[in-house]
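[1] my questions concern the predicted model and sequence given below.
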Amino acid sequence: MRRTGHADLPLHTGTVPRWLADRMRDLGTLIIESLILNFGKDEVLRRLSDPLWFQSFGAVLGMDWHSSGITTSVMYALKRGLNPRAHELGICVCGGRGVYSRKTPEELLFLSNATGLDGDELVRSSKLCAKVDNTAVLDGFQLYQHNFIVTNSGNWAVVQQGMNAQAKTARRYHWCSLDLNSFVETPHTGVVGENRGSILNLTAQNASPTRSGILSLTKEEPQKIIVESAKVFADSHVQAAALNGQLDLFEAESTPAVETAQDYKTLVMPERHNLKAEDVDLKRLGAVLSQAYESEPKDFETLLLTPGLGPRTVQSLTLVSEVIYGTPSRFSDPARFSFAHGGKDGHPFPVPLKVYDETIRVLGDSIEKSKLGYDDKSQCLKRLHAAALHIEKNCSPEADFDAVIAHEKANSKVWGGRTVGK
């Protein structure tokens, strides 16, 4: 299995309140639209197949920074936001959680009839992705969510999640057709989930002889297999030798099975809800705060001429701009992105609705203006990210974590802070 990383994700239950779900739909759609305008649809698929970017994306949308619920809520938000504009944007989200995951083939065939894509091949790809993660990788997780994201060129990505109810953990799997050579040999772009030691992985590169052996066994008479198996396992020495020959199929999850050109990414999400200083890169966060509260207005005059735009909104927009323009190495601490719009459970602070709405308005306005040929605001958003990188590199700022949290909570009422049940 080729991985971009692994992580522990505590299994959370509950629903996303409508006041947050609608905002996640609006901001998530705008971020995806901006990615399409700047980098193209294939880049959206690559981002969605990066487990660390995906977690950062969910955090910037105001979901709980460490929750497995990010998967369900983000994909539902994107399906609601992107599908009504599928013809315009050239990208569509199929499937979902539970019963909706089983409707994926039906949705793909409907889409193919409307677009001329090869529906049978898309359905086959969807089913194979699910079968591999549910059957060929025996890691103790049963899939309950499957989303298939496809573009009008026929390229696709899959985000699906499995549950281990006994351990109360979840594992998220990512696929991308852009880099796929085989469904059954090192197919993944990333796996996110609980680290549970060694697993039996029939998609490992060195498992090819075993896959061939299993296929051969299916052609033998059942009685012959039973007789031969009894002979083999009657001898403990033979049994031990047989097991030793198969040990390399049990892949230790602490290291990637196959080395790749990319750095191996590890994401460990603790069970605790509260965010701690060690969960974020304080230097990166410090650069964002310096950008927001210390930059002169002339640095971003085009953006700051927006009525009502203050430093707190610049803070959120800087983190949003990083989700759009940041390189893969920037998402090693996805919890940092919760400092854009907090979290629905109040960690690290309540969701500041006034700031959230202003972020949506400014990003939406910049996209619409750029479509008309006026790209001043979109360029200004790009400069937000570039300026934060400059501050981080040359000034070495480091955020006072406790002071930042205290400041957010002290101003929560002013900024329309809200949590679940309030």
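    Happy to help now that I have it.
[2] do me a favour and get the end-to-end distance for stretch 340-360?
    End-to-end distance of stretch 340-360 (C-alpha to C-alpha, to the nearest Å): 12 Å.
[3] quick one: buried residues of that stretch?
    Buried residues in stretch 340-360, counted by 16 or more other C-beta atoms under 10 Å: 340-353, 355-356, 358-360. Every C-beta, even on glycine, is put in place using the N, C-alpha and C of the backbone.
[4] sort out for me which of those residues are in helices.
    340-341, 353, 355-356, 358-360 (DSSP state H).
[5] domain map for this structure?
    By the assignment in automatic domain parsing, the chain contains the domains 5-197+253-268, 277-412.
[6] I'd like these as a markdown table, with distance to residue 421 appended.
    Formatted as a markdown table, the domains of the chain follow (distance: least, C-beta to C-beta, whole Å):
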| stretch | distance to residue 421 |
| --- | --- |
| domain 5-197+253-268 | 8 |
| domain 277-412 | 10 |
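[7] pick out the shakiest of those, pLDDT-wise.
    When mean pLDDT is averaged over each of those, domain 5-197+253-268 scores lowest at a mean of 83.
[8] isn't residue 326 right up against residue 386?
    No. In this structure residue 326 lies outside contact range of residue 386 using C-beta atoms under 8 Å: 10.7 Å.
[9] can you tell me the centre-most residue of the protein?
    residue 54 (2.1 Å; C-alpha atoms, centre = their mean).
[10] contacting residues for that residue?
    For residue 54, the contacting residues are 47-48, 70-71, 74, 159, 172, 174, 192, by C-beta atoms under 8 Å, 6 or more residues apart in numbering.
[11] which of the helices or strands spans it?
    Following DSSP states H and E, the helix or strand that holds residue 54 is helix 51-60.
[12] likewise residue 26?
    helix 18-39.
[13] okay, buried residues for whichever helix or strand comes after that helix please.
    Downstream of helix 18-39, the first helix or strand assigned by DSSP H and E is helix 41-48. Within helix 41-48, the residues scored as buried using 16+ other C-beta under 10 Å are 41-42, 44-48.
[14] could you dump these to CSV with distance to residue 30?
    Formatted as CSV, these follow (distance: C-beta to C-beta, whole Å):
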residue, distance to residue 30
41, 15
42, 19
44, 13
45, 18
46, 19
47, 14
48, 16
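[15] circling back: more neighbours: residue 326 and residue 386, which one.
    residue 326 (17 against 11; other C-beta atoms under 10 Å).
[16] excluding its backbone neighbours, what's nearest residue 13?
    Spatial nearest neighbour of residue 13, excluding adjacent residues (C-beta to C-beta, 6 or more residues apart in numbering): residue 69 at 7.9 Å.
[17] closest one to residue 312 out of the buried residues of helix 41-48, please.
    residue 47 (26.2 Å; C-beta to C-beta).
[18] so what's the closest one up against?
    Residue 47 touches 35, 53-54, 57, counting by C-beta under 8 Å, 6+ apart.
[19] among those residues, who's most crowded?
    residue 57 leads the contacts of residue 47 on contacts (other C-beta under 10 Å) with 26 neighbours.
[20] am I right that it is in contact with residue 29?
    No. Under the criterion of C-beta under 8 Å, residue 57 makes no contact with residue 29, lying 12.0 Å away.
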